[in-house]
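J.: Pasted the sequence and its predicted model underneath.
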Amino acid sequence: AQRVTQPEKLLSVFKGAPVELKCNYSYSGSPELFWYVQYSRQRLQLLLRHISRESIKGFTADLNKGETSFHLKKPFAQEEDSAMYYCALSDNYGQNFVFGPGTRLSVLP
Amino acid sequence: DAGVTQSPTHLIKTRGQQVTLRCSPISGHKSVSWYQQVLGQGPQFIFQYYEKEERGRGNFPDRFSARQFPNYSSELNVNALLLGDSALYLCASSWSSRVNGNTIYFGEGSWLTVV
């Protein structure tokens, strides 16, 4: 069965510290992996997807098929990064979009 | 661009009642998906519609149904409401049904409370 796990409900780091939000998945096949972010009082929005291999707002994520992981990383956290982060996977047709439970990132001054 | 719009934003229903939630996708988007987000959890996929046809269904009972209209707007209906249906219901739209190279945009959601 498809599943996404995010082991940390809450992650607190100090401004300027590195941050890593963990995501592991189980999926039979080749899924599309995503990170979505929800800032306070805003709607859920796409942060990045593995297929584009891009860096958004300093965040990167590498798909590790051997470890079935898609951890989100940023070398120097900023206060404005404080938000709820969801890892998600889908088949290519968007018919089985599965979200993880989310990790709340709190960047302390 | 107004983005994905949903209505109502908040509503309260009693057990056993029926509810209809509405969603207008971004102009030009033909795919609409519905998600249920219970407090403290990530969104759970309910349905996807593309070109007025159901393309995907999550693990939800038959009390949940949806449809898409010729203008690509969509309604989600839930019958015989249970307390456990209390959640934020999110609508998302995209240009096509494929996720490869396609961005999905979410609405702000409809908060449903069942008492």
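T.: Perfect, thanks for sending it.

J.: okay, now residue 37: neighbour count?
T.: Assuming you mean chain A. Counted by other C-beta atoms under 10 Å in any protein chain shown, the residues lying close to A:Val37 total 21. Glycine gets a C-beta too; all of them are placed from N, C-alpha and C.

J.: you looked at the wrong chain, it should be chain B
T.: Neighbours around B:Gln37, by other C-beta under 10 Å: 19.

J.: And for B:Leu76?
T.: 24.

J.: how about the strand or helix carrying it: buried residues?
T.: Element membership of B:Leu76 [criterion: DSSP states H and E] is strand B:74-78. Under the neighbour-count criterion of 16 or more other C-beta atoms under 10 Å in any protein chain shown, strand B:74-78 has B:74-76, B:78 buried.

J.: TSV for these, including distance to chain A?
T.: Below are the buried residues of strand B:74-78 laid out as TSV (distance: C-beta to the nearest C-beta, whole Å):
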residue	distance to chain A
B:Ser74	15
B:Glu75	20
B:Leu76	15
B:Val78	19
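
J.: from those residues, which is closest to A:Pro109?
T.: Nearest to A:Pro109, judged by C-beta to C-beta, of the buried residues of strand B:74-78 is B:Leu76 at 41.3 Å.

J.: gap between the two ends of stretch B:33-51?
T.: Stretch B:33-51 has an end-to-end distance of 12 Å (criterion: C-alpha to C-alpha, to the nearest Å).

J.: now do stretch A:55-70
T.: Length of stretch A:55-70, first residue to last, C-alpha to C-alpha: 14 Å.

J.: got the buried residues for that stretch?
T.: Neighbour-count burial for stretch A:55-70 flags A:59, A:61, A:63, A:68-70 (criterion: 16+ other C-beta under 10 Å).

J.: cool, stretch B:105-115 as well?
T.: For stretch B:105-115, by 16+ other C-beta under 10 Å, it's B:105-110, B:112, B:114.
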